[in-house]
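Asks: Model the structure of this input:
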Amino acid sequence: MSELLAIGVSHKTAPVEVRERLALPEPRAAEFLRDLRGATEVHEAVAISTCNRTELYLVVGDPVEGESTVLAMLSSLAGIRPTALTSAIYSHRNCDAARHLFRVTAGLEAMVVGEAEIQGQVKRAYDAALAKETVGPLTNHLFKAALATGKRVRSETAIGERQLSLPAVAVALAREELGALDGREVVIVGTGETSELTARALADSGGRTVFVASRRRDRAIGLARRYGGSSVSFDELPQALARADMVVAATASPHLLLESRELAEVMEARAGRPLLLIDLAVPRDIDSSCGELAGVSLYDIDDLQEVIARNK
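Replies: Model (predicted):
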């Protein structure tokens, strides 16, 4: 008899230093699920990977064996001993696993309770599993029901009334740090959904927004036109940093995009003018040691929890 198994980590159980090592963006997720299905009796599988969580929803023949295998594979992925990773991992079975997915999709498990982005992220994870043919009767039913429930929660309750999101919280933090943003130059590194939400949150601030694209320059140009900003190539990032008051990094890059040595050169050219960095990416885009440079204030996604608690 098959059972439903949900295994994962989230911002509630693991810091960003651990979550970024367990992130499963495409095509890494597809490769991981393929290896998992080859290693144990996994009949169906869907992987959800966001800035705040990595979760696997599996239909298995033996949940004990499945949980043990997943833990070993996640440990290998992260380069962390299984015993050290155990405290960060949570596991749910059957109805508890389904209930957890419903809560995730409804925004109840989000860092910003009620944020709408998770609904789209769950749908994309399900669509990716459909494309890779790793879903089956149980996960098909489960994810369709979870997505329908997420829509009902947002339409029939007030959970999404304030339209909060992590980018909106990042902008609130910027106002705490910098005061009014009118006339400030804000550099947004990345052109994905988080970057657009950041631009939307900044739209009425009076700041000047500069989009930096590492690959999708056409997308950066489109966002700049939509939100009244400008765009530059990734090669022009140092010049953009020299002018910026604030930087929001939100790419899907598996590698650091801004390292301490490079930023040190920029800060020297700024002649002591302070710079606020907010890293919304997991894995992180900005080297944590950048925060040790004089004049630099660096916040990662976990630091935003304090702002959320103050505004809750």
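Asks: Where do the helices of the protein begin and end?
Replies: 16-19, 28-39, 63-78, 82-85, 94-106, 117-131, 137-156, 166-178, 193-202, 217-226, 237-243, 260-270, 304-311 (DSSP state H).
Asks: Relative to Ile48, which of the ones you listed is closest?
Replies: Smallest distance to Ile48 across the helices of the chain (CB to CB): 4.4 Å, for helix 117-131. All C-beta spots, glycine's among them, are computed from the backbone N, C-alpha and C.
Asks: Would you mind writing the CA trace of the closest one as PDB?
Replies: C-alpha atoms of helix 117-131 as PDB (Å, rounded to 0.1, in the frame of the first residue of the first chain):
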ATOM      1  CA  GLU A 117       3.300  34.500  -4.600                       C
ATOM      2  CA  ILE A 118       3.400  31.000  -3.100                       C
ATOM      3  CA  GLN A 119       0.200  30.000  -5.000                       C
ATOM      4  CA  GLY A 120       2.100  30.600  -8.300                       C
ATOM      5  CA  GLN A 121       5.200  28.800  -7.000                       C
ATOM      6  CA  VAL A 122       3.300  25.700  -6.000                       C
ATOM      7  CA  LYS A 123       1.500  25.700  -9.400                       C
ATOM      8  CA  ARG A 124       4.900  26.000 -11.300                       C
ATOM      9  CA  ALA A 125       6.300  23.100  -9.200                       C
ATOM     10  CA  TYR A 126       3.300  21.000 -10.100                       C
ATOM     11  CA  ASP A 127       3.500  22.000 -13.800                       C
ATOM     12  CA  ALA A 128       7.200  21.000 -13.800                       C
ATOM     13  CA  ALA A 129       6.400  17.600 -12.300                       C
ATOM     14  CA  LEU A 130       3.700  17.100 -14.900                       C
ATOM     15  CA  ALA A 131       6.200  18.000 -17.700                       C
END
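Asks: can you tell which of the helices of the chain is closest to Val210?
Replies: With respect to Val210, and counting by CB to CB, the nearest of these is helix 237-243 at 5.4 Å.
Asks: So for the closest one, what gets flagged as buried?
Replies: Buried residues in helix 237-243, counting neighbours by 16 or more other CB atoms under 10 Å, are found at Leu237, Ala240, Leu241.
Asks: number of nearby residues for Val9?
Replies: The local packing of Val9 (other CB atoms under 10 Å) involves 22 other residues.
Asks: neighbours around Leu181, how many?
Replies: Neighbour number of Leu181 under other CB under 10 Å is 19.
Asks: how about it, what does it touch?
Replies: Residues near Leu181 by CB atoms under 8 Å, 6 or more residues apart in numbering: Val171, Ala174, Arg175, Leu202, Ser205, Gly206, Gly207, Met246.
Asks: just the buried members of those?
Replies: The buried subset of these (16+ other CB under 10 Å) comprises Val171, Ala174, Leu202, Ser205, Gly207, Met246.
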